[in-house]
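Novice: Any chance you could fold what I've pasted below:
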Amino acid sequence: MDQLFTDLVAILRQEIEQYRQLLALVRRERGYIVRGELTQLAKVVQKKGTVSEGLYHLAARRTSLLEQLAESMGEPVDKLTLARVTRIAPGRTGETLSALLGEFRELVGRLVTANEINRTLLERSLEFVRGSLNLFRTVASPGPIYGANGRIESSSPMLAGLNQTA
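Specialist: Sure, this is the predicted structure:
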């Protein structure tokens, strides 16, 4: 069972390192969003995908270790959380796991906040693009329709305004 605790410590350290890398990428992503550097943004998004895939596999290994710990301690698998393991782990291992869990939670919280900021920036950028497209559609709408008397019978609002000044 001591080996399971040791393995769990190692997995948490790896996950924390991966989350640090992901947080750095999210912060870099923000700069690219603000500057509109789409090529660089695409590269960062691809790197984020790679790191996220690694995190997925680490989380699966952590879950497997928790299941093995639950089985070895006679605990129900669905009741043995990482927080509970930190409380029941022996001595120094419990302290280490507790510290890692605190760091893990803090890092995930910072990542969630950083992602939320990036999401907001992207939404605002899309609003500006939509606004620009709507303006373009107004200017690029079909030309005016002239009646038999040579006067405009219908036109887009933008062109009607231009016609009145002519």
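
Novice: Pull the number of nearby residues for the spatially closest residue to Glu71 that is not a sequence neighbour.
Specialist: Spatially, and ignoring its direct neighbours in sequence, Glu71 is nearest to Val77 (7.3 Å; C-beta to C-beta, 6 or more residues apart in numbering). (Glycine included, C-beta is placed from N, CA and C.) Summarising burial for Val77: neighbours were counted as other C-beta atoms under 10 Å, giving 12.

Novice: residues of the helix or strand that Arg13 is a member of that come out buried?
Specialist: Per DSSP states H and E, Arg13 falls inside helix 2-35. Of all the residues in helix 2-35, those buried under the rule 16 or more other C-beta atoms under 10 Å are 4-5, 7-9, 11-12, 14-16, 18-19, 21-23, 25-26, 28-30, 32-33.

Novice: One more: stretch 49-58?
Specialist: In terms of neighbour count (16+ other C-beta under 10 Å), stretch 49-58 has its buried residues at Val51, Gly54, Leu55, Leu58.

Novice: Run through the chain and note the low-pLDDT ranges.
Specialist: Within the chain, the stretches with pLDDT under 70 are 136-144, 146-148, 150, 152-166.

Novice: Strands along that one, start to end?
Specialist: 145-146, 152-154 (DSSP state E).

Novice: where's the closest residue to Ser52 other than its chain neighbours relative to Thr50, distance?
Specialist: Excluding its sequence neighbours, the residue lying closest to Ser52 (C-beta to C-beta, 6+ apart) is Leu22, at 6.9 Å. According to C-beta to C-beta, to the nearest Å, Leu22 and Thr50 sit 10 Å apart.

Novice: And for Thr6?
Specialist: In this structure, Thr6 and Thr50 are separated by 27 Å, where distance is defined by C-beta to C-beta.

Novice: can you pull the contacts of the residue nearest to Ser52?
Specialist: Taking C-beta atoms under 8 Å, 6 or more residues apart in numbering as the criterion, Leu22 is in contact with Lys48, Val51, Ser52, Leu55, Leu111.

Novice: Quick check, Ala59 in contact with Leu12.
Specialist: No. Because the distance of 10.6 Å does not satisfy C-beta atoms under 8 Å, Ala59 is recorded as not touching Leu12.
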